[in-house]
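**Q** have a look; sequence and predicted model below, questions after that.
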Amino acid sequence: MLKCKEAVEKANALVDGAPLSWRERFALRLHLLMCHHCRRYLRQLRALVISLHRSPPNAASDEAVERVMDKLDSNP
Ligand SMILES: [Zn+2]
């Protein structure tokens with residue numbers, strides 16, 4: 001089980017577009033299932049990333065974030 005600090009680091013990497021191994025993503029998802037603090041953190045991080053990317057009309061960044069969230073929510 002990841003510690004919160006490790007989970008946050010991996011979540012940041014994921015939002016930055018860093019490639020994580022399936023093992024890392026699995027560990028992160030598992031942590032997010034157990035830990036509502038990190039779930040809330042990631043939700044706020046996502047909102048922040050979307051708002052940062054909102055000023056230039058660049059929808060791709062928002063879609064990238066959505067894909068990350070989808071991966072976290074729905075992968076087996
Ligand atoms: Zn946590």
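**A** Everything's here; your move.
**Q** mind checking the SS state of Pro19?
**A** Classification of Pro19 using DSSP: H, G, I helix; E, B strand; the rest coil returns coil.
**Q** the ion contacts on this protein?
**A** Within the chain, the positions adjacent to the ion are Cys4, Ala7, Cys35, His37, Cys38 by CB under 5 Å from the ion. Using the backbone N, CA and C atoms, a C-beta is placed for each residue, glycine as well.
**Q** which of those residues are buried, as a PyMOL select command?
**A** To isolate the buried ones among those in PyMOL, judged by 16 or more other CB atoms under 10 Å, type:
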select buried, resi 7+35+38
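**Q** could I get the residues of the chain next to the ion as CSV with secondary structure?
**A** Conversion of those to CSV gives the following (three-state DSSP):
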residue, secondary structure
Cys4, helix
Ala7, helix
Cys35, coil
His37, helix
Cys38, helix
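**Q** excluding covalently adjacent residues, which one is nearest to Glu24?
**A** Closest residue to Glu24 apart from its sequence neighbours, by CB to CB, 6 or more residues apart in numbering: Lys10 at 5.7 Å.
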